[in-house]
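> Sequence below, structure please.
(one chain, ligands or ions: 1)
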Amino acid sequence: MQQQKKANGGRKKARNKIVLAYSGGLDTSIAIRWLGEAYDADVVAVLVDVGQPSAGFKEALDKAKRIGAVATYGVDAREEFARDFVAPAIQANALYEKHYPLATALARPLIAAKLVEVARKEGATAVAHGCTAKGNDQVRFEVSIQALAPDLRVIAPAREWVYTREEGIKWAAERDIPLPITKKSPYSIDENLWGRSAESGVLEDAEQEPPEDCYGWTAAPEAAPEKARYVTITFAGGVPVALDGHKMELADLIQALNAWAGEHGVGRIDHIENRLVGIKSREVYEAPAAQVLVEAHRQLESLVLPRDLVHFKYAVEDRFAELVYDGLWFTPLMESVRAFVAASQERVTGDVRVKLLKGAATVVGRSSPHSIYETSLATYGKGDAFNHGSAQGFIDLWGLPSRTYAARSQPAGLAEGATEKVSREAARAGAPRNGKGK
Ligand code: ARG
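Just a heads-up that it's a prediction; the model follows:
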């Protein structure tokens, strides 16, 4: 770099500045040097804390400097992540494809926003990330950045220069780039407050059970304690606010619950996932707190929300999850979806008791000042307040369209009922008849 200055006749030519999303790992460490060389630019490394447990922030930032970053930023976004991204996801019971709690996906728009902030402060013309061409994360970063700062250029070194892990290590060694402090894993790991994902290596064989060494947060259910642990989660407006009666910041609450539930083997998810870029991939997640909180939240909603709202919300929840997964956090649709979800949460306040045992988190009790569960209506015992006589009239009207339709079609043989058609075809195919026969 010094040499270059001399070549320019000592004139201080303003170099381009690139703000890099830096994790401290091998790829983004390499990217610091590679971007400097390939783009003849000053690189600013930004490490965002979204509650990843093992990042070693200070060492990682020092290392970035040694590799050649002209400046480094450590951004503590843990609480912000919990409050602005995870809390809405809990309210939405957000699980992509009914399984994945979206830890990585939820953090990307926030990291993108932090990159943009630093880019503005530093007067950078570009931002960079370490994602490959095969994943969702590149999409999430870039679409978020486009939404927040359409003028910024985005550079993806790992898309321009495809290297194997071995080649990367060799390249780094030749340049005295210190290798990551974290121990080498055969898997590609991403972690934050809300969960951990493991990909690649032997996990790519979808037929094989994931080996124990791909897990980092949870005990194997068979090795978990024989005795259950009970935990009471207090929600206010659909957001968890206390564990066993102790008020906690959401990020702390999630981290505590990750430890408690993880110890009981709760939170392992093995899923074939449909990536946005068309690939199916085998994902192994650990998300103990997410599994407990989403299930507890659902059960509390069931207690306080009317049936039609609960059912309508299912569709909104799936859409919410898909928008997060697809990198569309900063869009008008997401804003509207979030507004709907938020509006549904006013009465989602109360306590949920969960039993953690051998890999299972089971809701075993719930209460709320807004409960619309009426024992007097539900009971089969004494004190029954339900009007039994009204049931018959209700069914008479509820079934009216069905009766009317059946009366027109059956006697004249005009149409065959769907059930009959299915059983006739099954019989033709040689399937055993059930019960009645003909
Ligand atoms: N499949 C998950 C997702 O798309 C996890 C991705 C993990 N990312 C990573 N860079 N290892 O959200």
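> Skipping adjacent residues, who's closest to the one residue sitting closest to the centre of the chain in space?
Central residue of the chain (C-alpha atoms, centre = their mean): Leu102, 0.9 Å from the mean position. Closest residue to Leu102 apart from its sequence neighbours, by C-beta to C-beta, 6 or more residues apart in numbering: Val324 at 5.1 Å. Quick note: C-beta positions are derived from backbone N, CA and C, even for glycine.
> Verify the contact between the one you found and Leu106 for me.
Yes - counting by C-beta atoms under 8 Å, Leu106 is a contact partner of Val324 at 5.8 Å.
> any common contacting residues for the two?
Common contacts of Val324 and Leu106 (C-beta atoms under 8 Å, 6 or more residues apart in numbering): Ala89.
> For the residue nearest to Leu102, grab the count of nearby residues.
By other C-beta atoms under 10 Å, 26 other residues sit near Val324.
> Next up, the contacts around it.
Counting by C-beta under 8 Å, 6+ apart, Val324 touches 89, 94, 96, 102, 105-106, 334.
> The one helix or strand it maps to - what's its average pLDDT?
Following DSSP states H and E, one finds Val324 within helix 307-325. Average pLDDT, helix 307-325: 98.
> With stretch 359-370 instead?
Stretch 359-370 shows a mean pLDDT of 98.
> So what touches that stretch?
So stretch 359-370 is contacted by 221, 224, 230, 261, 264-268, 288, 291-292, 295-296, 299-300, 303-304, 347-355 (C-beta under 8 Å, 6+ apart).
> The helix or strand harbouring Lys121 vs the ligand: in contact?
Element membership of Lys121 [criterion: DSSP H and E] is helix 103-122. Yes - judged by C-beta under 6 Å from any ligand atom, helix 103-122 and the ligand are in contact via 104-105.
> After that helix, which helix or strand is next?
Moving toward the C-terminus from helix 103-122, the next helix or strand (DSSP H and E) is strand 126-128.
> neighbouring strands for that following strand, and are they parallel or not?
Note on strand 126-128: by DSSP bridges, its sheet partners are strand 16-21 (parallel), strand 153-155 (parallel).
> what comes into contact with the helix or strand following the longest one?
Sequence order places helix 26-39 as the next helix or strand after strand 16-21, per DSSP H and E. Applying C-beta under 8 Å, 6+ apart, the external contacts of helix 26-39 come out as 1, 16, 18, 20-22, 41-43, 45, 63-64, 67-69, 126, 128, 130, 155, 157-158, 160-161, 165, 168-169, 171-172, 175, 177-180.
> Which strand or helix spans Glu283?
Here Glu283 sits within strand 280-286, counting by DSSP H and E.
> just checking, what packs against that strand?
Where contact means 3 or more C-beta pairs under 8 Å, 6 or more residues apart in numbering; DSSP states H and E, strand 280-286 is packed against strand 195-199, strand 268-274.
> Any regions of the chain where pLDDT drops low?
Counting by pLDDT under 70, the chain has low-confidence residues at 1-13, 54-55, 180-184, 410-419, 431-438.
> need the residues of the stretch 101-250 of the chain near the ligand, please.
Contact residues, the stretch 101-250 of the chain versus the ligand (C-beta under 6 Å from any ligand atom): 104-105, 135-137, 188, 190, 197, 199.
> returning to that earlier point: buried ones among the contacts of helix 26-39?
Neighbour counting by 16 or more other C-beta atoms under 10 Å classes 18, 20-22, 41-43, 45, 63-64, 67-69, 126, 128, 130, 155, 157-158, 168-169, 172, 177, 180 among the contacts of helix 26-39 as buried.
> Mind checking which of the residues you listed are in helices?
Taking DSSP state H, the ones among these that sit in helices are 63-64, 67, 157-158, 168-169, 172.
> nearest to the ligand, of these?
Ala158 (10.1 Å; C-beta to the nearest ligand atom).
> can you pull the contacts of the residue lying closest to that closest one once chain neighbours are set aside?
Counting by C-beta to C-beta, 6+ apart, Ala158 lies nearest to Thr132, which is 4.7 Å off, once chain neighbours are set aside. Each residue near Thr132 by C-beta under 8 Å, 6+ apart is listed here: 138, 158-159, 162.
> What subset of those is buried?
Judged by 16+ other C-beta under 10 Å, buried ones among the contacts of Thr132: 138, 158.
> if we can go back for a sec, let me see the contact set for the residue nearest to the centre of the chain.
89, 94-96, 194-195, 321, 324-325.
> Dihedrals phi and psi, it?
Per-residue torsions, Leu102: phi 80, psi 30 (degrees, to the nearest 10).
> Excluding residues flanking it in the chain, which one is nearest the single nearest residue of the stretch 301-438 of the chain relative to the ligand?
At 6.6 Å from the ligand, Tyr325 is the closest residue in the stretch 301-438 of the chain, using C-beta to the nearest ligand atom. Closest residue in space to Tyr325, ignoring its immediate chain neighbours: Tyr96 at 4.5 Å, by C-beta to C-beta, 6+ apart.
> I'd say the one you found and Phe320 touch.
No - taking C-beta under 8 Å as the definition, Tyr96 is not a contact partner of Phe320, at 9.6 Å.
> The two: which has the busier surroundings?
Phe320 (26 against 22).
> Next, count neighbours for the closest residue to that one other than its chain neighbours.
Spatial nearest neighbour of Phe320, chain neighbours left out: Ala92 (4.2 Å); criterion: C-beta to C-beta, 6+ apart. Counted by other C-beta under 10 Å, the residues lying close to Ala92 total 28.
> next one: Arg78
21.
> What of Ala77?
Neighbours around Ala77, by other C-beta under 10 Å: 21.
> My guess is it contacts Ala112. True?
No - if you go by C-beta under 8 Å, Ala77 and Ala112 don't touch, sitting 11.4 Å apart.
> Contacts only, for Leu328.
Leu328 sits in contact with 143, 334, where contact means C-beta under 8 Å, 6+ apart.
> Just to be sure, it is in a helix?
No - under DSSP: H, G, I helix; E, B strand; the rest coil, Leu328 sits outside any helix and is assigned coil.
> in the helix holding Val324, what's buried?
So, applying 16+ other C-beta under 10 Å, buried residues of helix 307-325: 313, 316-325.
> Now do the helices for the stretch 151-300 of the chain: every range, in order, please.
157-160, 165-174, 250-263, 288-304 (DSSP state H, counting those that start in this stretch).
> Residues touching the second one, excluding its own?
Just to be clear, that refers to helix 165-174. Residues outside helix 165-174 that contact it (C-beta under 8 Å, 6+ apart) are 26-27, 29-30, 33, 163, 177, 179.
> Convert the C-alpha atoms of it to CSV, please.
Extracted in CSV, the C-alpha atoms of helix 165-174 (Å, rounded to 0.1, in the frame of the first residue of the first chain):
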residue,chain,number,x,y,z
ARG,A,165,-11.0,-24.7,1.9
GLU,A,166,-7.5,-26.1,1.3
GLU,A,167,-6.8,-23.5,-1.4
GLY,A,168,-8.1,-20.8,0.9
ILE,A,169,-5.8,-21.9,3.7
LYS,A,170,-2.8,-22.0,1.4
TRP,A,171,-3.5,-18.6,0.0
ALA,A,172,-3.9,-17.2,3.5
ALA,A,173,-0.7,-18.9,4.7
GLU,A,174,1.3,-17.4,1.8
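> Many thanks, we can stop here.
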